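Colleague: Okay, predicted coordinates and the sequence, questions at the end:
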Amino acid sequence: MSRAAGAGPSARDVARGVLGRVERDGAFAGRALAAALDRARALSPEDRALVTELVYGVLRRRARIDRALDAYARSGTAALEPAVRIALRVAAYQILFLDRIPDYAAVSDAVEACKSAGGRGVAGFANALLRRLGREGEPPLPDAAAAPAAYLEAAIGFPGWLARLALDELPAADALAFGEATVLPAPVTLRANTVRISRDDLLARLAGERPGAALAASAVAPDAVVARRFDAPAATAAWRDGLCAVQDVGAQVVAELCGAAPGERILDACAGNGGKTAHLLALAGDRAQVDALDVAPAKLEEARRTLARLGLRGARLEAADLTRPLADPTPRYHRVLLDAPCSGLGVLRRHPEALLRRTSAELVALAAQQRAMLAAVAPAVLPGGLLAYAVCTFERQECDEVVAAFLRDHPRFTREPASAAGGRVPWAALTDGSGAVRTWPQRDDADAFFAVRLRARGTE
């Protein structure tokens, strides 16, 4: 249905614009979406939710959508103008995955968008293609049990290298379950700021503010609230009052594995936007000193705002490039947390655009960078101190092999069982055969993290 002259952009217009920025400019989907929604303030809450659904749905399902469209396009769709391809994908996603939207509405809107982008001929092509897709559906998918790699490629949208890697690293059933979890919407996960409120009290506050939300206490992260049907957490009074922060369950488990105690000096070596810095301070009752380093000054400014909102005072923020040795390598930290930059294969449900950009060739370079960063921070750990290493991925080059190489090169460190962290986390349920902690979206409603504790010997 056409819009009245002078009307603002529709939800589908906004979604196509965001997808264009992701494809054309290499933008991060989350940032591009947030910026677009901020500009499109006239959209209703329902339309804003539709924009989010379309953007993330198309990115998560792009390979499967393209497979379905190409099955009915004689020459495929790769040679079409990007704006036309995006319009077709948005419509195909609605046809294949959004039962609540009538096919005719998705088709009509896409035809108008294609007419604007490519003229009447392209619009006619889009109309015929999408109507056939609506009538006949997508081609049959490979059988997951008989051909798991083919299924991961066709149904999940993993590139071939990632499908093979997942099956090399995991039992087939686990690889398939992980793949299925990556194409489902991730929940909003909040952490109770325990210097101000308990998780139970936060749950009660949020339930009162958002009675339509589905709220649950995480089974593995003791301060985590997993929320669905819960958008715009920053619009809640609980957020404004500094009672909570957005932080994935897996990231919370990593901070718990590192731990913190009053009076300690702690290094958060890749602090990012300050989520783990704030968590470490909360674990210590804001009575520890956390030095938060990151290479990106903009992230540190965001961290500064986060800490101020949460009322936490025990952090010192500083820009630093940890691919180089620390300016002062003197042993001075009781604990160091290195949540290192990685391939991000464990956060695909939150950052599906990575499926389109990441390559297997990058894994070797990333592992080398992680080893360099571990080597940079290791000298700053006090005798008897702890170094916690974590990455949001699951493959061995960045996980087990990085840790093994570090221990070979730094004999003053030994691996320590996760259970030594104590606390309220069920470590046994999260620990793999090597003793490393792993979280999974399909099991823990968490991003896929790998983490280990490395203990420095008590004497030099």
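Modeller: On my side now, so go ahead.

Colleague: pLDDT score for the nearest residue to residue 214 once chain neighbours are set aside?
Modeller: Setting aside the residues directly before and after it, residue 214 is nearest to residue 228 in space (Cβ to Cβ, 6 or more residues apart in numbering), at 4.3 Å. All C-beta atoms are positioned from the backbone trio N, CA, C, and that covers glycine. Looking at residue 228, its pLDDT stands at 95.

Colleague: Residue 4 too?
Modeller: Residue-level confidence at residue 4 comes out at 46, pLDDT.

Colleague: same thing with residue 459?
Modeller: pLDDT for residue 459: 64.

Colleague: Look at the closest residue in space to residue 160 that isn't next to it in sequence and give its secondary structure.
Modeller: With sequence-adjacent residues excluded and distances taken as Cβ to Cβ, 6+ apart, residue 160 is closest to residue 153, at 5.9 Å. The three-state label for residue 153, taken from DSSP: H, G, I helix; E, B strand; the rest coil, comes out as helix.

Colleague: before we move on, the earlier item: what's the neighbour count on the residue nearest to residue 214?
Modeller: Applying other Cβ atoms under 10 Å, we find 14 residues neighbouring residue 228.

Colleague: residues contacting it?
Modeller: Shown in contact with residue 228 (Cβ atoms under 8 Å, 6 or more residues apart in numbering): 185, 187-188, 213-214.

Colleague: how far away is it from residue 304?
Modeller: Distance of residue 228 to residue 304, given as Cβ to Cβ, to the nearest Å: 30 Å.

Colleague: Show me what counts as buried in stretch 367-377.
Modeller: Judged by neighbour count using 16 or more other Cβ atoms under 10 Å, the buried positions of stretch 367-377 are 367, 369-371, 373-377.

Colleague: Buried residues in the worst-scoring helix or strand of the chain on mean pLDDT, which are they?
Modeller: Here the helix or strand of the chain ranked lowest by mean pLDDT, DSSP states H and E is helix 354-357, holding a mean of 88. When burial is assessed from 16+ other Cβ under 10 Å, helix 354-357 yields the following buried residues: 354-355.

Colleague: If you count contacts, what does it end up packed against?
Modeller: Based on contacts counted as 3 or more Cβ pairs under 8 Å, 6 or more residues apart in numbering; DSSP states H and E, the elements that helix 354-357 packs against are helix 45-60, helix 62-72.

Colleague: Return the distance of the longest one from the chain's centre.
Modeller: Computed by Cα atoms, centre = their mean, to the nearest Å, the chain-centroid distance of helix 45-60 equals 16 Å.

Colleague: And it, what's buried?
Modeller: Counting neighbours by 16+ other Cβ under 10 Å, one finds that the buried residues in helix 45-60 are 47-48, 50-60.

Colleague: Including distance to residue 68 and pLDDT, could these go into TSV?
Modeller: What follows is the buried residues of helix 45-60, written out as TSV (distance: Cβ to Cβ, whole Å; pLDDT from 0 to 100):
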residue	distance to residue 68	pLDDT
47	25	93
48	27	92
50	21	95
51	22	96
52	22	94
53	18	95
54	16	97
55	19	97
56	18	95
57	14	95
58	12	96
59	16	95
60	14	94
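
Colleague: tell me the contacts of residue 21?
Modeller: For residue 21, the contact set (Cβ under 8 Å, 6+ apart) comprises 27, 32, 36.

Colleague: Would you quantify the distance from it to residue 102?
Modeller: As it turns out, when the distance is counted by Cβ to Cβ, residue 21 lies 28 Å from residue 102.

Colleague: In contact with residue 226, which residues?
Modeller: For residue 226, the contacting residues are 187-189, 215-218, 249, 445, taking Cβ under 8 Å, 6+ apart as the criterion.

Colleague: what's the answer for residue 311, then?
Modeller: By Cβ under 8 Å, 6+ apart, the neighbours of residue 311 are 193, 195-196, 242, 286.

Colleague: how about the strands in this protein?
Modeller: Counting by DSSP state E, the chain has these strands, from start to end: 188-192, 214-217, 224-228, 244-246, 265-268, 289-294, 315-319, 333-339, 381-391, 413-416, 437-438, 450-456.

Colleague: Need the contact partners of stretch 134-144.
Modeller: Among residues not part of stretch 134-144, those counted as contacts by Cβ under 8 Å, 6+ apart are 64, 67-68, 71-72, 95-96, 103, 107, 150-151, 154-155, 176.

Colleague: Looking at the record's assignment, how would you partition this structure?
Modeller: Following automatic domain parsing, one gets these domains for the chain: 11-136, 149-182, 249-456.

Colleague: okay, those in CSV with distance to residue 223 next?
Modeller: Listed next are the domains of the chain as CSV, based on distance: least, Cβ to Cβ, whole Å:
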stretch, distance to residue 223
domain 11-136, 23
domain 149-182, 23
domain 249-456, 7
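
Colleague: on that earlier part again, of all the contacts of residue 228, which two lie farthest apart?
Modeller: By the measure Cβ to Cβ, those have their two most distant members at 185 and 213, which lie 13.9 Å apart.

Colleague: out of the two, which sits in the more crowded spot?
Modeller: A count of neighbours by other Cβ under 10 Å puts residue 213 above the other of residue 185 and residue 213, at 17 against 13.

Colleague: ok, that one - contacts?
Modeller: The neighbours of residue 213, taking Cβ under 8 Å, 6+ apart as the test, are 206-207, 227-230.

Colleague: and the gap between the residue nearest to residue 77 when sequence neighbours are not counted and residue 59?
Modeller: The shortest distance from residue 77 to any residue that is not its chain neighbour, by Cβ to Cβ, 6+ apart, is 5.1 Å, and that residue is residue 69. Distance of residue 69 to residue 59, given as Cβ to Cβ: 15 Å.

Colleague: Report the buried members of the contacts of residue 226.
Modeller: Among these, those scoring as buried are 187-189, 215, 218, 249, 445 (criterion: 16+ other Cβ under 10 Å).

Colleague: still on that earlier bit, tell me the pLDDT at the residue nearest to residue 77?
Modeller: 96.

Colleague: How many residues are close by it?
Modeller: By other Cβ under 10 Å, the residues close to residue 69 number 23.

Colleague: residues near the closest residue to residue 66 other than its chain neighbours, how many?
Modeller: Nearest in space to residue 66, with sequence neighbours left out and distances taken as Cβ to Cβ, 6+ apart, is residue 77 at 6.6 Å. The local packing of residue 77 (other Cβ under 10 Å) involves 19 other residues.
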